[in-house]
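Trainee: Pasting the sequence and the predicted model now:
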Number of protein chains: 2
Amino acid sequence: MATSDLPPSLTADPGISPAELHLAARNHGMPLEALGLDVTPVGLHYLLIHYDIPVIDPATWRLTIGGAVSHETRLSLDDLQARSSVTRRVTLECAGNGRARLSPRAISQPWLNHAIGTGSWTGVPLADLLEEVAPTDAAVELVFTGADRGVEGGQPQAYQRSLTIEQARRDGVVLAYALNGAPLPPQHGAPVRLVVPGWYGMASVKWLQTIEAVTEPFDGYQQTTAYRWRDAPDDPGTPMREIRVQSMLLPPGVPDFATRRRFVPAGPTPLSGRAWSGHGPVTHVEVSTDGGATWVPAQLDPPPDPHAWQRFTCTWDAPVGRHELCSRATDAAGRTQPLEPEWNLGGYGGNAVHRLDVEVTPS
Amino acid sequence: MATSDLPPSLTADPGISPAELHLAARNHGMPLEALGLDVTPVGLHYLLIHYDIPVIDPATWRLTIGGAVSHETRLSLDDLQARSSVTRRVTLECAGNGRARLSPRAISQPWLNHAIGTGSWTGVPLADLLEEVAPTDAAVELVFTGADRGVEGGQPQAYQRSLTIEQARRDGVVLAYALNGAPLPPQHGAPVRLVVPGWYGMASVKWLQTIEAVTEPFDGYQQTTAYRWRDAPDDPGTPMREIRVQSMLLPPGVPDFATRRRFVPAGPTPLSGRAWSGHGPVTHVEVSTDGGATWVPAQLDPPPDPHAWQRFTCTWDAPVGRHELCSRATDAAGRTQPLEPEWNLGGYGGNAVHRLDVEVTPS
């Protein structure tokens, strides 16, 4: 693809532009050493925030659930917290993870592979609230509107996404008011957000203000322009939903500050990491210590929650020299991570095998 | 300065390299809308972490204070928390803030201007502990060693910095175990870190393991190689300490997602921001709405704590069109922010006036 063929929002430049760097400074990834923790502490979980973080007073916040429903309702935070709650451990990943590894790439948040995190989310099952408001027979989707406002693709907008009624009723879909046992922090959608387990993060609308049942499929910007699998600007594409099968290695040894290259002492070295998929549990993970030429199976833990990452482990007898470590997961749907990134227009869903460059030194 | 004159750790490339992007993904800045908050929530405060975040069990953690002292001691977290504590609001800034605006620039964390944050830190005054251990007359400095280990400039090392005995005894220097009323999160140095108000963040050693009184000035990497004001590779330079006078504007209006350009409706527009300096209180702040051609004084609040940022405000009758907003602070020492970035080898201490590009639209 020659540079002159590119629509204005793509670049073939391997360097990161000032606008991309601004996004990278605001939105942070999870340092990969946090793969050693079952639950990601607040401040280490990835964040992708389209506009500004709104500051909302929880005392005056209200959620309206209306539109094509039999019983429109307006709930305070107390109203919500008075209902039965569930706590679910959920691994979320940004749809744009891996974008910076593509060429040409969409001009957007330049993620390498850090746009991940696993939270323990507490809230009210959306299915319970839908039971209360009773969408009419004409309702086909629910539109979720956040308090975050800005401009995108030239269109002023609040951040909005929809789910079909069936998707919204799935087990695990919650209106969350707590993360890791504490009230949501501002950057994660305080006071209340949607969490859609198994789907890329764009579905989990933060700073929720309204839920509206609609009788036609929602055609807002984040549904029909952004977050679609597309091969070319004139391709209408297909909607992004489930997180592609993915795995990452906990980096062994210690890093060089500037290059992030790893130094590992020679000898038996425990390797571990996490694997997940939105298409069902991960069924096996393989590890390579020679850049993907050969693979050995890793030990794999069962998922602690249906949409939480699974731990894998193995031992490597590390010989002196430079090595490329890789991990590759396969899920219950039979999907396996590709060896190389697969290009798409928006730079979405990058799940190529994780590669770590390590230098093993005499111990 | 021609590219061929550059030492290997400098680049004149305006694009950001993969290693720099990796650093930008790990270390996050404060989204500037958080300038609207007196205290920065956990997860929005800037982070600069040289190596990996260590995970330390607070139950088994011990701090040794030894070396040239009369009463060496070893403290548990309970021991520390049993002592008198203070809570101080402190604005911290990374020494490398603004580095990405320089050309050529050092290859390191490519900060624009987001490497800031204000925390409410609770801990034990270091002066009290020094009273207990009683450094000998021969002691000239204290060396603080963190649990974070890695390689830098080819040297394997734990992160270490020193203070003179006099600097360590200053009011406000604390061994902190809480941030914003909760135990330190892992990424801010749990269970205990040093906080040195008024100085760039490199002095505030995280994951503190030992404090050693030494009889010769400390010559470790982070003291004598990194974090120095230097003009050339063969310049030994001078140590970095106090934060240079600085101010930033809370971005008005709403952003474009990809470009971060701001859109503001025409008419009277409240502007505000924060200003701080390690050389004493900020005494006045000026605001420009024409890119620095003309300036008007802003209203300035007194500091809520000697080393916490001060709020400034003014009103702008915003006319339709494109404008560059700027703020410029002057401190009690008579230092004023420069209009343009001032180059130095490490890319440190960037405090050029903050510039915001806004488009005012008919309201």
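Mentor: Alright, I've got the coordinates. The structure presented is a predicted model; accordingly, all values stated were derived computationally and were not measured.
Trainee: For the helix or strand where A:Leu356 lies, which strands pair with it and how are they oriented?
Mentor: Assigned by DSSP states H and E, A:Leu356 belongs to strand A:354-361. Counting by DSSP bridges, the strands paired with strand A:354-361 are strand A:262-265 (parallel), strand A:321-331 (antiparallel).
Trainee: would you list those in a markdown table and tack on mean neighbour count and distance to A:Val360?
Mentor: Backbone N, C-alpha and C define where each C-beta goes, glycine included. As requested, the strands paired with strand A:354-361 are exported to a markdown table (neighbours: other C-beta atoms under 10 Å in any protein chain shown; distance: least, C-beta to C-beta, whole Å):
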| stretch | mean neighbour count | distance to A:Val360 |
| --- | --- | --- |
| strand A:262-265 | 18 | 5 |
| strand A:321-331 | 20 | 6 |
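Trainee: Spatially central residue in chain A, please.
Mentor: Centroid-nearest residue in chain A, with C-alpha atoms, centre = their mean: A:Glu93, separated by 1.6 Å.
Trainee: For that residue, give me its contacts.
Mentor: By C-beta atoms under 8 Å, 6 or more residues apart in numbering or on different chains, the residues touching A:Glu93 are A:Tyr46, A:Ala115, A:Ile116, A:Tyr200, A:Gly201, A:Ile243, A:Gln246, A:Trp276.
Trainee: Closest one of those to B:Leu142?
Mentor: Taking C-beta to C-beta as the measure, B:Leu142 lies nearest A:Tyr46 of the contacts of A:Glu93, at 37.2 Å.
Trainee: Please, which helix or strand holds that closest one?
Mentor: Per DSSP H and E: A:Tyr46 is located in neither a helix nor a strand.
Trainee: Report the separation between it and chain B.
Mentor: Using C-beta to the nearest C-beta, to the nearest Å, we find A:Tyr46 at a distance of 9 Å from chain B.
Trainee: Tell me how many other residues surround that residue.
Mentor: A:Tyr46 has 22 neighbouring residues, counting by other C-beta atoms under 10 Å in any protein chain shown.
Trainee: The stretch 101-250 of chain A against chain B: which residues are in contact?
Mentor: The stretch 101-250 of chain A comes close to chain B at residues A:107-108, A:110-112, A:114, A:149-152, A:156, A:182, A:185-188, as judged by C-beta under 8 Å from any C-beta of the partner chain.
Trainee: of all those residues, which two lie farthest apart?
Mentor: Using C-beta to C-beta, the two most remote members of these are A:Ile107 and A:Ala182, lying 35.4 Å apart.
Trainee: Return the members of the residues of the stretch 101-250 of chain A next to chain B classed as buried.
Mentor: Buried residues within these, counting neighbours by 16 or more other C-beta atoms under 10 Å in any protein chain shown: A:107-108, A:110-112, A:114, A:149-152, A:185-188.
Trainee: Out of these, which one has the lowest pLDDT?
Mentor: Taking pLDDT as the measure, these have their low point at A:Ile107 (88).
Trainee: element containing A:Glu340?
Mentor: With secondary structure defined by DSSP H and E, A:Glu340 is part of neither a helix nor a strand.
Trainee: what residues are up against the residue lying closest to it once chain neighbours are set aside?
Mentor: Nearest non-adjacent residue to A:Glu340, counting by C-beta to C-beta, 6 or more residues apart in numbering or on different chains: A:Ala352, 5.5 Å away. Applying C-beta under 8 Å, 6+ apart, we find A:Ala352 in contact with A:Gly98, A:Arg101, A:Gln337, A:Pro338, A:Leu339, A:Glu340, A:Pro341, A:Glu342.
Trainee: ok, the closest residue to the first one other than its chain neighbours to chain B distance?
Mentor: Computed as C-beta to C-beta, 6+ apart, the closest residue to A:Gly98 that is not its neighbour in sequence is A:Gly350, at 1.8 Å. Distance check for A:Gly350 against chain B: by C-beta to the nearest C-beta, it reads 13 Å.
Trainee: For the residue nearest to the centre of chain A, name its beta-bridge partners.
Mentor: Assigned bridge partners for A:Glu93, using DSSP bridges, are A:Ile116.
Trainee: In chain A, mark out all the helices, start to finish.
Mentor: With DSSP state H as the criterion, chain A has helices at A:18-26, A:77-81, A:126-133, A:165-168, A:221-224.
Trainee: among these, which is the most enclosed?
Mentor: helix A:18-26 (a mean of 23; mean count of other C-beta atoms under 10 Å in any protein chain shown).
Trainee: any residue of that helix up close to chain B?
Mentor: Yes. Counting by C-beta under 8 Å from any C-beta, chain B is contacted by helix A:18-26 at A:Pro18, A:Ala19, A:Glu20, A:Leu21, A:His22, A:Leu23, A:Ala24, A:Ala25, A:Arg26.
Trainee: Of the residues you listed, just say which sits nearest to B:Val296.
Mentor: Nearest to B:Val296 among those is A:His22, at 27.0 Å by C-beta to C-beta.
Trainee: thought the closest one was touching B:Arg260?
Mentor: Yes. Between A:His22 and B:Arg260 there is a contact under C-beta atoms under 8 Å: 4.8 Å.
Trainee: quick one: low-confidence parts of chain A?
Mentor: Chain A contains residues with pLDDT under 70 at A:1-8.
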